[in-house]
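Asker: My questions concern the predicted model and sequence given below.
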Amino acid sequence: MTTRRAQIFWFWIFAGPAMAGFVVFSLWPMLSSLWLSFCQYEVVSPPRFIGFQNYIYLFAHDPSFWASVKVTSVYTVVQVPLSIVAALALALVLDRPLRGRGFWRAVFFLPSILPQVAFAVVFGYIFQADGGLLNRLLALAGIQGAAWTTSPTWALPVLIQVSLWGFGYPMVIFLAGLQNVPRELYEAAHMDGAGAWARFRHITLPLISPVILFNVVMSVIGALKVFDLAYAFGVAQLQWMPGGPARSTLFYGLNLYQQAFGFFHMGLASAMAWILFGAIVVVTAANFRLSRRWVHYGD
Amino acid sequence: MFFRRRDTLLWLVSALLAGAGFWWAGHRQQRPAAPGVTQISWFVLITPLRDLYERQVTAFERAHPEIKVNIFWVPGSEYNTKLKILAATGELPDLFFSGDVWLSYLLPFSRDLTPLVARDAAEFGLDDFYPEIRRAMQLDGKYYILPEYMNLSLLYYNRRMFREAQLAEPTAAWTWDDLVRSGKALTHGPREGRPGVWGCSRVEGWWGEWFTYVRQAGGKMFSADGRRCLLDSPEAIAGLGFYLEKATKHRISAPAGFEPVNGFVNQRVAMIVGGHVSYWLNYNQVPALEWDVQLLPRGPVTRKGGEIAIAGYSISRASAHPEEAWTLVKFLTRPEAIADVVARGNLSVRRSVGEAAMQAKGPRPNPHHLEAAYAQFEFGEPIPHHANYIEIVSQIVQPEIDRMVLGESTPEEAARRATAGVNAFMTTFATAAP
């Protein structure tokens, strides 16, 4: 076997399974779902081509579509900055020469190991209106607690609060970024009389800006796809159909799931999936475009 | 080169082993039946009756050695999804758990049992099923389900609370006004270190209670042809109004979101309108809970409107062994089997078993007014048999009811918005009710 032919042979031996997996389990389902998004397909009967009707129904008639877009948008706009700030703040603290620094890093990372489902269930009990831990504590202080999980005003803020416990991953990435900032820059700035804020503002932030961009992009994509947290929260609240009350926790991913596997509107759900895909592409592209103004790659 | 050959060999052996593993996993449940034995599959919800089903199957296989039953247990939350996916892949089980609430939804792959029912009516005692149950077994005059148990909306009440408040217990003559009057007398704040009590629960986030009031006030969900939503009629709005005012005006129910968890069992709620028969067993495991049932209070137009729903068995349209599956269905719904289900704290779908339960001597477990429960059959109404009912109610109507309960809209506004949403949905997607 010639070297060239041997290379081709080994290429297919090693890359072939992965490529076959990609084609069979990713590319083919994606193309199928694109086709299905133009069909009425209820699973038990063959798909029927209906043109853009699924998209028209979603944009013009479906009462749950815009509600879920709103819930997901609010969540993304509020949760992503909060989680980034919380993760960065903790990373800054844990980057300092603290006693037992490794221990504290592990402690703050631990919640990220737990599944969001567990958080949703535990916090669901804590925030329960009648007899929940929080309202019992508030009652001791003479304060009448709210119906945290069963009020459309509070349910989403509660979910955002619950989700913030997953800051461990961005925190670890920030820590890695912070450790790559040259110490000499801090020492030079210090000698020039720069205070802590000035050092943070003019040294730390610019030098970790690529890391911030990475965390923002990943967090935004994650926020747009939220499903498990909302589903588990609804189940823990004994909601007959997760997403309540009054669609206040009906995230886009949850709505998509219910359309697909609750009601078997596979065509409609496929259209929703492609709209989400388009939204993620646009938002990510916008993030990269805007990042030119504030991300520094040290060149 | 030797190293490379060894790697390639290892890779191929691993791939072969993995392939063999997948093949084995896929075929290990398909053991060939012994000669002369037919295997049938049964897709069952995991419920507290699991041990009962297992015993039934053992007894069935003993009585019918020519039939082997393979049970597939499925958690309730995954049941409909798995069933429909199996239908899509052409792998439906011969027999599956069904109910009239989902019947329209399961219809595309449910076998019409009418010829079998007609042929064997005398053998399995079709007339022994209560007339209301027989109605729920059918769609468009055709039989699709043979029921095993049922649910029925009833008025549940705490006898101790009535006694301590020196109130007469509910009677069959009760109306909404009586419910409100007693509810007010039973409602009180915290006393002697014990939390307060609400006179009546209010079920939020589900159609069970508000739809009962809508129907008792003369309202309907759909037009007769199933193509229009009628929830914005004055009668339906009156029903929604009563549901809302239980908390806002009469103050016999907790404000939105503050319904005590398991309030009836925890004795924080004195009455329930609707409830569920499957909770009887749980209620009777709480010794301090003295409870009973009565007919639902009459609404301004009718007493009818509380839900009556059956659960039982359907045979797959694609089943290769419908006769064997039918034999199992008859076995599972014979009087002795129904009596076992009733002994677990359920209402009987068969008259003979129900009457035997009412005539049984000795101390009767709660509810004492078992006769009232069976009398309520006459006033039960199945949910509309509309292919998209569950989706329509939970996705389009319920969010508007939620908003109304939270004070964000009036019953008129909620009904108008829900009706518009349902009609838009039906115009685009839904099939009309049969």
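Answerer: All right, it came through fine.
Asker: so what's the residue of the stretch 101-250 of chain A found nearest chain B scoring on pLDDT?
Answerer: The nearest approach of the stretch 101-250 of chain A to chain B comes at A:Ala147, 2.7 Å away (C-beta to the nearest C-beta). To be clear about C-beta, it is placed using only N, CA and C from the backbone, and glycine gets the same treatment. As predicted, A:Ala147 sits at a pLDDT of 85.
Asker: If you drop the residues flanking it in sequence, what lies closest to it?
Answerer: B:Gly257 (2.7 Å; C-beta to C-beta, 6 or more residues apart in numbering or on different chains).
Asker: Could you check how far that neighbour is from A:Ser209?
Answerer: 43 Å (C-beta to C-beta, to the nearest Å).
Asker: where exactly do the strands run in the chain?
Answerer: I went with chain A, as the question did not name one. Counting by DSSP state E, one finds strands in chain A at the ranges A:39-40, A:48-49.
Asker: hm, I was asking about chain B
Answerer: B:38-45, B:67-74, B:95-99, B:138-139, B:142-143, B:146-152, B:154-158, B:271-274, B:291-294, B:306-315, B:380-381.
Asker: State the number of residues packed around the residue in the stretch 151-300 of chain B positioned nearest to chain A.
Answerer: Here the residue of the stretch 151-300 of chain B nearest chain A is B:Gly257; by C-beta to the nearest C-beta that distance is 2.7 Å. The criterion is other C-beta atoms under 10 Å in any protein chain shown. On that basis, B:Gly257 has 23 neighbouring residues.
Asker: next one: A:Ala86
Answerer: For A:Ala86, using other C-beta under 10 Å, the count is 16.
Asker: swap in B:Pro399?
Answerer: 27.
Asker: again, but for B:Leu17
Answerer: As a measure of burial, B:Leu17 has 10 neighbours, counting by other C-beta under 10 Å.
Asker: quick one: contacts for it?
Answerer: Neighbouring residues of B:Leu17 by C-beta atoms under 8 Å, 6 or more residues apart in numbering or on different chains: there are none.
Asker: What's the separation between it and A:Ile143?
Answerer: Where A:Ile143 is concerned, B:Leu17 sits at a distance of 64 Å (C-beta to C-beta).
Asker: Over to B:Ile237?
Answerer: For B:Ile237, the distance to A:Ile143 - C-beta to C-beta - is 37 Å.
Asker: between the two, who's got more neighbours?
Answerer: B:Ile237 (20 against 10).
Asker: Contact residues of the stretch 101-250 of chain A facing chain B?
Answerer: Within reach of chain B by C-beta under 8 Å from any C-beta of the partner chain, the stretch 101-250 of chain A has these residues: A:128-131, A:147, A:149-152, A:235, A:238-241, A:244-247.
Asker: Show me which of those residues are buried.
Answerer: Neighbour counting with 16 or more other C-beta atoms under 10 Å in any protein chain shown marks A:128-130, A:147, A:149-152, A:239-241, A:244-247 as buried within these.
Asker: for those, which one is nearest A:Ala86?
Answerer: A:Thr149 (22.2 Å; C-beta to C-beta).
Asker: Tell me who's in contact with the closest one.
Answerer: If you count contacts by C-beta under 8 Å, 6+ apart, then A:Thr149 has A:Gly124, A:Phe127, A:Gln128, A:Ala129, A:Gly132, A:Ala155, A:Val158, A:Phe233, A:Gln237, B:Gly257 around it.
Asker: and the fourth one, how far is that from B:Phe222?
Answerer: When distances are taken as C-beta to C-beta, A:Ala129 and B:Phe222 turn out to be 34 Å apart.
Asker: interface residues of the stretch 251-400 of chain B facing chain A?
Answerer: Within reach of chain A by C-beta under 8 Å from any C-beta, the stretch 251-400 of chain B has these residues: B:254-261, B:388, B:390-391, B:394-396, B:398-400.
Asker: Please flag which of these sit within helices.
Answerer: Those of those mapping onto helices are B:Ile390, B:Glu391, B:Gln398, B:Pro399, B:Glu400, per DSSP state H.
Asker: Any of the residues you listed buried? List them.
Answerer: For these, buried by 16+ other C-beta under 10 Å: B:Ile390, B:Glu391, B:Gln398, B:Pro399, B:Glu400.
Asker: which parts of stretch B:96-111 are buried?
Answerer: Across stretch B:96-111, burial judged by 16+ other C-beta under 10 Å covers B:96-107, B:109-111.
Asker: ok, and which of those residues reach chain A?
Answerer: B:Phe109.
Asker: Now for the closest residue to B:Ile396 other than its chain neighbours, how many residues are close by?
Answerer: For B:Ile396, ignoring the flanking residues on the chain, the nearest one in space by C-beta to C-beta, 6+ apart is B:Gly421 at 4.3 Å. Using other C-beta under 10 Å, B:Gly421 has 22 neighbouring residues.
Asker: B:Gly421 touches A:Phe65, doesn't it?
Answerer: No: applying C-beta atoms under 8 Å as the test, B:Gly421 and A:Phe65 come out as separate, 11.6 Å apart.
Asker: Tell me who's in contact with the nearest residue to B:Phe124 once chain neighbours are set aside.
Answerer: Distance criterion C-beta to C-beta, 6+ apart; nearest residue to B:Phe124, sequence neighbours excluded, is B:Lys330 at 4.7 Å. The neighbours of B:Lys330, taking C-beta under 8 Å, 6+ apart as the test, are B:Asp120, B:Glu123, B:Phe124, B:Leu146.
Asker: Quick check: pLDDT value at B:Lys330.
Answerer: 95.
Asker: re the thing from before, isn't the residue nearest to A:Ala147 up against A:Ser151?
Answerer: Yes: B:Gly257 lies in contact with A:Ser151 (C-beta under 8 Å); the separation is 5.1 Å.
Asker: which residue sits closest to B:Leu155 in space, ignoring its chain neighbours?
Answerer: B:Gln294 (4.6 Å).
Asker: is it true that the one you found touches B:Phe162?
Answerer: No: contact status for B:Gln294 versus B:Phe162: not in contact, 10.9 Å apart, counting by C-beta under 8 Å.
Asker: who touches A:Phe214 in this structure?
Answerer: Counted by C-beta under 8 Å, 6+ apart, A:Phe214 has contacts A:Ile173.
Asker: Tell me which stretches of the stretch 101-250 of chain B form helices.
Answerer: Here the stretch 101-250 of chain B has its helices, by DSSP state H, counting those that start in this stretch, at B:103-106, B:114-124, B:131-136, B:159-164, B:176-186, B:207-216, B:234-248.
Asker: ok so, going back, okay, and the common contacts of B:Gly257 and A:Ser151?
Answerer: Joint contacts of B:Gly257 and A:Ser151 (C-beta under 8 Å, 6+ apart) are A:Ala129, A:Pro245, B:Leu406.
Asker: In helices only, show me those residues.
Answerer: Among those, no member lies in helices (by DSSP H).
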